[in-house]
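Participant: Sequence below, structure please.
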Amino acid sequence: MKNSVSKPMSRRGFIGNSTLASAGFLIVPAHAVSGLGHIAPSDKLNVAGIGIAGMGKGNIANVAKTENIVALCDVDWGEASSKVFKIYPGAKKHKDFRKMLDTQKDIDAVIIATPDHTHAVISLEAMRRGKHAFTQKPLTHTVHEARVLAKAAKEYKVATQMGNQGQAGEVTRRLRELIWDGVIGPIHEVHVWTDRPNNGLLKTYWPQGVARPHETPPVPENLDWDLFVGPAPMRPYNPAYHPFKWRGWWDFGTGSLGDIGCHSLDPIFRALKLKYPTSLQAVSTLVNEETYPSGSMVRYEFPERDNLPAVSLTWYDGGLRPMRIPELDDGMQMGPGGTLYIGEKGKILDDKILPRSLRESYTVPTPYLPSSPGHEEEWIRACKGGVPAGSDFEWAGPLTETVLLGNIAIRRDLKEKLSGQSLNWDPEKFSFPNLPEADKFLHYEYRNGWNL
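Facilitator: Sure thing, here's the model as predicted:
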């Protein structure tokens, strides 16, 4: 069904998409896109980094190419953070983001790359103060928080961006053009998978499927453990949580789905115009109340929309993946991570059209979706009055919400009840109509002293 989707795009349609697995991003220099050339010091943003030792370090470095880094905040002033402090000696150092926002009045915008469970509280406090916010993926830790941040970004009229940097790349812009050109016909089914929390070599990025440690070693001198725990229930310090290993714990992270889902589901949402699912179901390895399971499958069902058919989207992690499809060329593999679109006329595995006969007979359309200047650069321009960034909170909120709904479907308390039924989702009423007891997992009560 060629040209089943018209090519004229809305503003959001022109802002890109990609997957974590995509390579070869095309970054267009700022002067070539806007003609701005040299940026005068008075035009520079004063930016603060909150959570600076991991992804935040890279985000800050990208922004520092054109803007001022005036503040750095991290609960852990150990070796990793100290290296970043040395890169920006003129930036003021903080441990508590609240004190930083209250006392340092020269901040225009913040980059937030803390553990997932503190994304929402920090982002909201910044926006309330009129600060532009760049927040790493997933946007939030709970479904409720995702709704709150999407609403707040509109209310406070600040520029926002979620840190799923692949959306600024070129590869899936071309993929969208193929799908909208009808190369494989109407799409009813999509599969997407990752090897995380493993890396395919029997090594683990972070542990899942494990119990809480019993040891209570002393808190490292440079770490403020109370600030790290933040809104989550207090527990004794253990290196099993920090650094980085927090991702696999229910209280701090969002597991493999939260880690990769906002990357790999983003291009699917854009290409197929998805927003909220109507139902979902899941299976997993053994799950406990402390960590996510070592492997899971989540299937989302999306309704018809904009003359597009209903579609089933299945997520796999922990090394699980779909069965090998017969259309693969000799030597082609279903890799450790990927995306498979199944249409009425053919399939697309990542960015390759299948079968070969369809690929060789098809004429690829002339590219027409504009390039991104870069993921952080989109946000910088939005902060200075330009068009909204490609993954602003208006876009990132519903995407994150869908990702986190999948984590609810694998909760231990619901596992048996959901073995015989799907979990229906009503986005308007913000509830699970066929299983009201699941509503309690949409959010949790914060620890005293923390609020949203």
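
Participant: Now do the buried residues in stretch 275-295.
Facilitator: Using 16 or more other CB atoms under 10 Å as the test for burial, stretch 275-295 gives 276-277, 279-284, 287, 290-295. Using the backbone N, CA and C atoms, a C-beta is placed for each residue, glycine as well.

Participant: And for stretch 443-452?
Facilitator: Neighbour-count burial for stretch 443-452 [16+ other CB under 10 Å]: 443-444, 446, 452.

Participant: before we move on, back to that, just give me the least confident of the buried residues of stretch 275-295.
Facilitator: Among these, Val287 carries the weakest pLDDT, at 86.

Participant: Pull the contacting residues for that residue.
Facilitator: 209, 293, 410-412, 415 (CB atoms under 8 Å, 6 or more residues apart in numbering).

Participant: What is the nearest of the residues you listed to Thr366?
Facilitator: Ile410 (43.2 Å; CB to CB).

Participant: Just the pLDDT for that closest one.
Facilitator: 95.

Participant: That one and Thr291 touch, don't they?
Facilitator: No. Counting by CB atoms under 8 Å, Thr291 is not a contact partner of Ile410; they are 11.4 Å apart.

Participant: any idea how far stretch 252-272 is from the chain center?
Facilitator: Relative to the chain's own centre, stretch 252-272 is displaced by 5 Å; criterion: CA atoms, centre = their mean, to the nearest Å.

Participant: ditto for stretch 149-160
Facilitator: 17 Å.

Participant: and the residue nearest to Pro220 when sequence neighbours are not counted, how many neighbours?
Facilitator: Distances taken as CB to CB, 6 or more residues apart in numbering place Gly78 nearest to Pro220, at 6.4 Å, with adjacent residues excluded. Gly78 has 15 neighbours, counted by other CB atoms under 10 Å.

Participant: Likewise for the one 3 residues further on?
Facilitator: Around Ser81 there are 26 other residues, counting by other CB under 10 Å.

Participant: Check which helix or strand it maps to.
Facilitator: helix 79-87 (DSSP states H and E).

Participant: Report the buried residues of that helix.
Facilitator: 80-81, 84.

Participant: The helix ranked longest in the chain: how far from the chain's middle?
Facilitator: Determined from DSSP state H, the single longest helix within the chain is helix 393-408. The chain centroid and the centroid of helix 393-408 are separated by 8 Å under CA atoms, centre = their mean.

Participant: so what strands line up beside the helix or strand just after that helix?
Facilitator: Where DSSP H and E defines the elements, the next helix or strand beyond helix 393-408 is strand 423-424. As defined by DSSP bridges, the strand partners of strand 423-424 come to strand 279-284 (antiparallel).

Participant: Taking the buried residues of stretch 275-295 together, which two end up most distant?
Facilitator: Checking the buried residues of stretch 275-295 with CB to CB, the most distant pair is Tyr276 and Glu290, at 29.3 Å.

Participant: Relative to Pro243, how far out is the residue nearest to Pro220?
Facilitator: Taking CB to CB, to the nearest Å as the measure, Gly78 falls 8 Å from Pro243.

Participant: same question, Asn164
Facilitator: For Asn164, the distance to Pro243 - CB to CB - is 22 Å.

Participant: More neighbours: the two, which one.
Facilitator: Asn164 (30 against 15).

Participant: What residues of stretch 188-199 count as buried?
Facilitator: Quick answer for stretch 188-199 (16+ other CB under 10 Å): 190-198.

Participant: Among these, name the ones in helices.
Facilitator: Short answer: the buried residues of stretch 188-199 have none in helices (DSSP H).

Participant: I'd like those residues as TSV, with pLDDT and distance to Pro433 appended.
Facilitator: Formatted as TSV, the buried residues of stretch 188-199 follow (pLDDT from 0 to 100; distance: CB to CB, whole Å):
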residue	pLDDT	distance to Pro433
Val190	98	25
His191	98	27
Val192	98	27
Trp193	97	30
Thr194	95	30
Asp195	93	35
Arg196	92	32
Pro197	90	32
Asn198	80	36
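
Participant: just curious, which of the residues you listed is nearest to Asp329?
Facilitator: His191 (18.3 Å).

Participant: and the closest one, what are its bridge partners?
Facilitator: For His191, the beta-bridge partners under DSSP bridges are Thr314, Leu340.

Participant: ok, now how distant is it from Asn198?
Facilitator: 19 Å.

Participant: follow-up on the earlier one: quickly name whichever of the buried residues of stretch 275-295 is closest to Asp330.
Facilitator: Looking across the buried residues of stretch 275-295 and measuring by CB to CB, the closest to Asp330 is Gly295, at 29.1 Å.

Participant: Tell me how this structure divides into domains.
Facilitator: 16-168+373-392, 171-370+400-442 (automatic domain parsing).

Participant: Check those for me: which has the lowest mean pLDDT.
Facilitator: Of all those, domain 16-168+373-392 has the smallest average pLDDT, which comes to a mean of 87.

Participant: chain center to that domain: distance?
Facilitator: 14 Å.

Participant: what does stretch 248-261 give?
Facilitator: 11 Å.

Participant: now swap in stretch 425-445 and tell me
Facilitator: That offset, for stretch 425-445, works out to 21 Å (CA atoms, centre = their mean).

Participant: In terms of helices and strands, where is Ser371?
Facilitator: Here Ser371 is assigned to no helix or strand, by DSSP H and E.

Participant: doesn't Glu170 make contact with it?
Facilitator: Yes. If you go by CB under 8 Å, Ser371 and Glu170 touch, sitting 6.5 Å apart.

Participant: More neighbours: those two, which one.
Facilitator: Remark: of Ser371 and Glu170, Glu170 carries more neighbours, 20 against 17, as counted by other CB under 10 Å.

Participant: in the stretch 151-300 of the chain, which spans are helices?
Facilitator: For the stretch 151-300 of the chain, the helices defined by DSSP state H, counting those that start in this stretch cover 171-180, 225-229, 255-264, 266-272.

Participant: what is the orientation angle of the longest helix of the chain with helix 255-264?
Facilitator: 150 degrees (axes from the mean of the first three to the mean of the last three CA atoms, to 10 degrees).

Participant: Which elements pack onto helix 393-408?
Facilitator: Helix 393-408 sits against helix 143-156, strand 160-163, helix 255-264, helix 266-272, strand 279-284, strand 296-302, with contacts defined as 3 or more CB pairs under 8 Å, 6 or more residues apart in numbering; DSSP states H and E.

Participant: Surely Pro197 is in contact with Gln208?
Facilitator: Yes. In this structure, Pro197 is within contact of Gln208 by CB under 8 Å, at 5.0 Å.
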